[in-house]
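> What follows is a protein structure lacking sequence information:
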């Protein structure tokens, strides 16, 4: 069974803070779609039960585009998207690993994901929001 640590994260100004339970060694996806490549987002997709917003809900604003299924959450003070509800895993949360405190991260394994051709590759992300014992 995978052991989890509590990673703390925040937006740039610190108004939005959260924690996420995940392994110390992170498996991440780097997507080349228009929004992810422009923002430098590194995806850590987890079940909603392993994510907890600690403070700042009142500072969050939501942006949706295209199919409007993904709910991108931005801090309205500093503009950073530190997490969102992904279209690929609407039952989960995608945390931007670049917004996590480095102290609890032992390693990062980055997998490239072809989000420019999302419809052909979405199945590669399916199930990342479910807890699976290793």
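Thanks, I have the structure now. Since the model is a prediction, treat every value here as computed from it, not as a measurement.
> hang on, residue 65 in a helix?
No. Assessed with DSSP: H, G, I helix; E, B strand; the rest coil, residue 65 is coil; it does not lie in a helix.
> Pull the contacting residues for it.
Listed by C-beta atoms under 8 Å, 6 or more residues apart in numbering, the contact partners of residue 65 are residue 35. Where you see a C-beta, it was placed from the backbone N, CA and C, and this is true even at glycine.
> before we move on, what about the one 3 residues further on?
Applying C-beta under 8 Å, 6+ apart, we find residue 68 in contact with no residue.
> mind checking which helix or strand it is in?
According to DSSP states H and E, residue 68 maps onto no helix or strand at all.
> how near is it to residue 126?
Distance, residue 68 to residue 126, by C-beta to C-beta, to the nearest Å: 20 Å.
> tell me the mean pLDDT over the top helix by length along the chain?
If you go by DSSP state H, the chain has its longest helix at helix 34-39. Helix 34-39 shows a mean pLDDT of 86.
> quick one, helices of this structure?
Using DSSP H, helices in the chain cover 34-39, 118-121.
> Would you format these as a markdown table with mean neighbour count and distance to residue 104 included?
Shown next, in a markdown table, are the helices of the chain (neighbours: other C-beta atoms under 10 Å; distance: least, C-beta to C-beta, whole Å):
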| stretch | mean neighbour count | distance to residue 104 |
| --- | --- | --- |
| helix 34-39 | 14 | 23 |
| helix 118-121 | 11 | 30 |
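> In CSV, list the ones you listed along with distance to residue 59.
Output for the helices of the chain, formatted as CSV (distance: least, C-beta to C-beta, whole Å):
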stretch, distance to residue 59
helix 34-39, 18
helix 118-121, 29
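> What is the burial count for the residue lying closest to residue 84 once chain neighbours are set aside?
Leaving aside its chain neighbours, residue 84 sits nearest to residue 72 (4.5 Å; criterion: C-beta to C-beta, 6 or more residues apart in numbering). Counted by other C-beta atoms under 10 Å, the residues lying close to residue 72 total 18.
> Having no further points to raise, I will conclude here.
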